[in-house]
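*Asks:* Let me see the structure of the following:
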Amino acid sequence: EFYFRTHRKKDQSWVGPHAKSTYEKFEKRKFELSSQNSTFAPGEDGDNSQSPTTCLLILIYGWKEKGRIFGLESRGRTMILSSSQPSKSSTSSGDVDALRSQIQKLNESLQRQEQENFEIRHELTENRKQMHTLIQYLRF
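*Replies:* Coordinates of the predicted model:
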């Protein structure tokens, strides 16, 4: 209802084609999920923390827009993070070690690139000084 009210003009036309297609996707997924959920007992899925409407909006949008859901304030960020990140209990120590190793390699690579950038900038500064000196010399 909120989306419907905020994405329609006074004459009830959509503000744009993206708004209309998003609403149609939402309605389609809502129908699909309601038909799937009718085969399950209430609470059987084990996730009562998010409303079906909120889950649908997250699925449809994909939420690349800075991790925010308009109108949900801080709850929106929590929902996105909890649905997109693995739980802590499923992370093994091997995974953690692999990630630490990857972070270390990336940090080393970053340091090498920063050193190369520093050397290139220094060389550029020296070349500019030499060009300036040469121009001054040629002007007499």
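*Asks:* Show me how this protein divides into domains.
*Replies:* Domain assignment for the chain by automatic domain parsing gives 2-84, 89-139.
*Asks:* rank the ones you listed by mean pLDDT and give me the bottom one.
*Replies:* Mean pLDDT across the domains of the chain is lowest at domain 2-84; the value there is a mean of 63.
*Asks:* Check the gap between residue 93 and residue 101 for me.
*Replies:* 12 Å (CB to CB, to the nearest Å). C-beta: built from backbone N, CA, C; applies to glycine.
*Asks:* Common neighbours of the two, please.
*Replies:* Taking CB atoms under 8 Å, 6 or more residues apart in numbering as the contact rule, residue 93 and residue 101 touch no residue in common.
*Asks:* Same drill for these two, tell me which one is more crowded.
*Replies:* Neighbours per residue, other CB atoms under 10 Å: of residue 93 and residue 101, the larger number sits with residue 101, 10 against 7.
*Asks:* how about the more buried one, what does it touch?
*Replies:* By CB under 8 Å, 6+ apart, residue 101 has no neighbours at all.
*Asks:* you'd agree it is in a helix?
*Replies:* Yes: per DSSP: H, G, I helix; E, B strand; the rest coil, residue 101 lies within a helix segment.
*Asks:* Would you quantify the distance from it to residue 92?
*Replies:* Here residue 101 is placed at a distance of 14 Å from residue 92 (CB to CB).
*Asks:* Equivalent analysis for residue 28, please.
*Replies:* 38 Å.
*Asks:* Looking at those two, which is more packed in?
*Replies:* The neighbour comparison of residue 28 against residue 92 (other CB under 10 Å) goes to residue 28, with 12 against 9.
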